[in-house]
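Q: Quick one, what's the 3D model for this:
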Amino acid sequence: MFRFIIESHSFRRIGFLTFAFVALFYFTSNIFDYYWESTSSVPLVNLNVVYAPPKEYDNINKINLHLISDDLVVIEGNRRFRLIYEGNPKNYDYFDSIVIVPPDTSFSNLNKIFMKFENNTGPDSVYLVVSNSEVNDYFYNQIFYSSVIVNSLNELSDDPEEFRINDLTLASSSLLISNDTLINNVFNYFNENAPYLSLAECGRNCNVFKIICAKFGVPCRMVWLQGGDIEETGYGTSLGYPLHVVCEIYSSSQNKWYVADPSYGIRFKNIDNNSYMSAVELSVLHSFGSDDAIEQDSILVVKKNIVGRDYFKFYENVLFGSNVIENVVVKKFLTIAYSKFNYRSILYSNNYPEKKDGNYYFGMKTFLYLVILIFYINSVLFLIAKRLFSVKKP
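A: Next up, the predicted model:
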């Protein structure tokens, strides 16, 4: 039967049909991207994705909480810990569980969970509130207070070894307290050698600054910026406000990443809390018209003038590099089939239309591909069925 189909006129029709649908895929994809206009990136919905400390500086105690039943919570720590309650026979470990008490006649009940990490002198605590709902034996659970960072709610780590702190890979204890001396060494080296660094546009300047940071062991990364009305334009398009590139360096004394702009020679301090500011923090203050709360700190010799409000317009769109997808085949497929999807970047913006959302773009175009594919499969099945039913019985 199959040989009959392959040698038949219908099979040649299927070949032509396949060619036609490949062409339809190609032209439909290009037309879709043409009218989509804007490049779409992965939206930043969790700041920890980009603002977690570098691995060598990440000595902060964290836990994961997982509710495995109505009254039992499993706790996973990135360091060994021990729950503190009367009669606990267990020693320090990465996992433990504790019973939580739901409310009886009252609306809610506060469960206080105390623990001590192996490297801490004092205890930490998590206050978990269990509240009644309109449905019998159905409760709401909420963390009211926690002195330790809760990394994940209702799930444990996929890779416990990756989640745990390895003291052998951490920076020295003095650098974990403060690496400001290294940062100042970077600034001094940059300033002393500025005439010989071939400084030019922002991208070149940031690459030079990043190399110097690596020389002194200071965590540094490049961050891409673009202002403008992203309802009509967007990052990577030829319209709108010009692009700019800055660096973010990690300060262990402040436990944060903050902007150092080697093109303008400045970093920025929040007047209210006296801390240096990240690109996202600058974006937030600018979007709320609070530029006056930003103090400019001149650190490099490239420029001495104070930047104006136009400078902060760059921070309306903030993009971070991403290496989430490493498979070469997948990268090539995405480049061809989803050319407007910038999977290499994570975008933060205070004005985020759907066409800037890479997930939305990916979903819409996948739906378009599926519609064409279903139409193609049905067409092929129709031709095969038509040929089979047209065969005369002997």
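
Q: which element is the residue most central in space within the chain on?
A: What sits nearest the mean C-alpha location of the chain, by C-alpha atoms, centre = their mean, is Val49, with 3.9 Å. When elements are assigned from DSSP states H and E, Val49 belongs to helix 48-51.

Q: Next, the buried residues of that helix.
A: Buried residues in helix 48-51, counted by 16 or more other C-beta atoms under 10 Å: Val50, Tyr51. All C-beta atoms are positioned from the backbone trio N, CA, C, and that covers glycine.

Q: now that helix, how far from the centre of its chain.
A: Remark: helix 48-51 is offset 6 Å from the chain centroid, using C-alpha atoms, centre = their mean, to the nearest Å.

Q: Pull the residues that contact that helix.
A: Helix 48-51 has contacts (C-beta atoms under 8 Å, 6 or more residues apart in numbering) with Leu44, Lys256, Trp257, Ser278, Val280, Phe320, Ile346, Tyr348.

Q: was I right about the last one contacting Val318?
A: Okay, so that is Tyr348. Yes - under the criterion of C-beta atoms under 8 Å, Tyr348 makes contact with Val318 at 4.4 Å.

Q: rewinding a little: per-residue confidence for the residue nearest to the centre of the chain?
A: pLDDT, Val49: 88.

Q: thinking again about what came up before, going toward the C-terminus from the helix holding Val49, what's the next helix or strand?
A: In N-to-C order, the element after helix 48-51 by DSSP H and E is strand 62-69.

Q: So which bits of that next one are buried?
A: For strand 62-69, by 16+ other C-beta under 10 Å, it's Lys62, Ile63, Asn64, Leu65, His66, Leu67.

Q: Same check on stretch 190-201?
A: Those would be Phe190, Leu197, Leu199, for stretch 190-201 by 16+ other C-beta under 10 Å.

Q: start to end distance for that stretch?
A: End-to-end span of stretch 190-201 (C-alpha to C-alpha, to the nearest Å): 16 Å.

Q: quick one, which of Tyr348 and Val318 is more surrounded?
A: Val318 (27 against 23; other C-beta atoms under 10 Å).

Q: care to break this structure down by domain?
A: Domain segmentation of the chain under automatic domain parsing yields 2-36+357-389, 37-59+172-356, 61-164.

Q: Quick check: the gap between Phe341 and Tyr361.
A: Distance, Phe341 to Tyr361, by C-beta to C-beta, to the nearest Å: 6 Å.

Q: Can you work out which residues contact both of those two?
A: Counting by C-beta under 8 Å, 6+ apart, the common neighbours of Phe341 and Tyr361 are Ser40.
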